[in-house]
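>>> quick one: sequence and predicted model below, then my questions.
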Amino acid sequence: STMPKPLDPCPCCSKKPFSKCCQPFLSGKSVAKTPKQLMRARFSAYTIGGHGQYLIDTWHPAYSRGNTPNSLSLKTHDWRSLQILRAGQDGDKGGVEFVADFMDNQGVLQRHHELSVFERHKGSWYYTDGRVDVRPIEQTQDAG
């Protein structure tokens with residue numbers, strides 16, 4: 001997919017324009033102040049594709065497990081929506097629980113449910129890891 005224009009709705013589903021939401025983080029103009037902002041920016045990076053360097057830069061090096069900017073720049077999923085269920089921080093630790101829907105290669109709508117963990121180091125938040133559960137969304141056929 002192409003880069004959203006500044007006034008396009010942000011890919012993180014905040015209903016804000018891209019320029020007022022995740023774009024400043026992805027372009028390096030500003031740094032996420034909360035785990036929730038970082039989670040949204042990282043979701044947008046995955047959704048747009050081509051932002052592997054940002055994903056590596058915001059991933060705690062102890063947890064990035066051999067991922068590279070190139071591997072993270074590939075769009076592996078067709079992300080459709082994001083809904084944040086809970087987010088919070090306690091000192092330099094933070095967490096975000098969210099569900100994100102994507103269409104897999106077989107055309108099946110899947111729901112990614114994750115509890116992400118973040119750590120703050122020298123004033124910047126980093127993603128460490130998350131507990132992830134992915135399962136197909138039950139497609140209910142309307143008989144009407």
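Thanks, I have the structure now. Keep in mind that this is a model prediction, so the values were computed, not measured.
>>> give me the low-pLDDT residue ranges for this structure?
Flagging of the chain using pLDDT under 70 yields the residue ranges 1, 139-144.
>>> quick one: the helices in it?
23-26, 35-48, 52-57, 69-73 (DSSP state H).
>>> closest to Cys10 out of the ones you listed?
Across these, Cys10 has its closest neighbour in helix 35-48 (6.4 Å, Cβ to Cβ). Every residue, glycine included, has its C-beta placed from N, CA and C.
>>> how about residues contacting the closest one?
With Cβ atoms under 8 Å, 6 or more residues apart in numbering as the test, helix 35-48 has contacts from 1, 3-4, 10-12, 14, 18, 21-22, 25-26, 32, 51, 54-55, 58, 72, 75-77, 79, 82, 84, 87-89, 94-96, 98, 100, 116, 118, 125-127.
>>> of the residues you listed, select the buried ones using a ChimeraX command.
To isolate the buried ones among these in ChimeraX, judged by 16 or more other Cβ atoms under 10 Å, type:
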select :4,10,11,12,14,18,21,22,25,26,32,51,54,55,58,72,77,79,82,84,87,94,95,96,98,100,116,118,125,126,127
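>>> which of the contacts of helix 35-48 fall in strands?
79, 82, 84, 87-89, 94-96, 98, 100, 116, 118, 125-127 (DSSP state E).
>>> Ile48 versus the residue nearest to Trp59 when sequence neighbours are not counted, what's the distance?
Leaving aside its sequence neighbours, Trp59 sits nearest to Tyr127 (Cβ to Cβ, 6 or more residues apart in numbering; 5.2 Å). Per Cβ to Cβ, to the nearest Å, Tyr127 is found 17 Å from Ile48.
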